[in-house]
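Trainee: Sharing a model that was predicted from the sequence below.
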Amino acid sequence: MQGKKKENECLGTSRGGTTTKIHALTDGLGRCIKFTLTPGQVHDNTQLEILLKGEKCENILADKAYDSNSIRNYIESMGSVPVIPGKKNRIEKINYDKHIYKERHLVENFFQFIKRFRRIGTRYEKHAQNFMGMLTISCVLQWSIF
C-alpha cells in the first residue's frame, strides 16, 4: 500500500481555504486555448510564460496580478503589446489601452461558463489529472457552443 501523494492533487491553501487555481489563455472570443492548474497559494504570474509559450498574439490582456516589469518585457519580446493595468503601489504609472482592456471580460465569462459545471465549481475530482480531464470536457463544450 502506497502513501498519499499530494503532488498529484494540485491543492493548496489560500485565504478562501483549500483551493486550486485555474490559469487560462483564451482567444479573442473568450474560448480556452490552454490552461494549467496550480495549488491555491501559488501566485498567478508564475504561469504566464508556460501559457504564452509558442503563441502569437497582437495584444496580451491580463489583470493587475500580472503587473511586473519582467512580464511586460517578456510580452514585448514576443512582439505583443501588454495591456495590463498597473498596481496601486507601482511607483511609475503605466499607460495601457483602456478600450482594449474592456475585452478582458471575455476571460471572466470563460471562468463563469466552466464553473457552471458543478464538478468544476466544487472540485469533485481529487487528482489533478481527473480535474484537468473535466476542464478539458467543459472547454470542448464551450468551443462547440460558441
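Mentor: Great, that's in hand. Computed from a prediction, not measured in an experiment: that's the story for all the values here.
Trainee: end-to-end on stretch 49-64?
Mentor: Taking C-alpha to C-alpha, to the nearest Å, stretch 49-64 runs 16 Å from one end to the other.
Trainee: Buried residues of that stretch, list them for me.
Mentor: Using 16 or more other C-beta atoms under 10 Å as the test for burial, stretch 49-64 gives 51-52, 57, 60-62. In short, each C-beta sits where N, CA and C put it, glycine included.
Trainee: same deal with stretch 30-41?
Mentor: Buried residues in stretch 30-41 (16+ other C-beta under 10 Å): 30-32, 34-35, 37-40.
Trainee: Which of those fall within helices?
Mentor: Of the positions in the buried residues of stretch 30-41, not one sits in helices, assigned by DSSP state H.
Trainee: number of nearby residues for the nearest residue to residue 57 once chain neighbours are set aside?
Mentor: Leaving aside its chain neighbours, residue 57 sits nearest to residue 80 (4.8 Å; criterion: C-beta to C-beta, 6 or more residues apart in numbering). By other C-beta atoms under 10 Å, 16 other residues sit near residue 80.
Trainee: So, low pLDDT: which residues of this protein?
Mentor: 1-8 (pLDDT under 70).
Trainee: Tell me where it has strands.
Mentor: 12-14, 17-26, 32-39, 59-61, 81-83 (DSSP state E).
Trainee: ok, residue 114 touching residue 139?
Mentor: Yes - with contact defined as C-beta atoms under 8 Å, residue 114 counts as touching residue 139 (7.2 Å).
Trainee: For these two, list the residues in contact with both.
Mentor: Contact criterion C-beta atoms under 8 Å, 6 or more residues apart in numbering; residues bridging residue 114 and residue 139 by contacting each: residue 32.
Trainee: re the thing from before, okay, the strands of the chain in a markdown table with distance to residue 101 next?
Mentor: Below are the strands of the chain laid out as a markdown table (distance: least, C-beta to C-beta, whole Å):
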| stretch | distance to residue 101 |
| --- | --- |
| strand 12-14 | 26 |
| strand 17-26 | 14 |
| strand 32-39 | 19 |
| strand 59-61 | 6 |
| strand 81-83 | 5 |
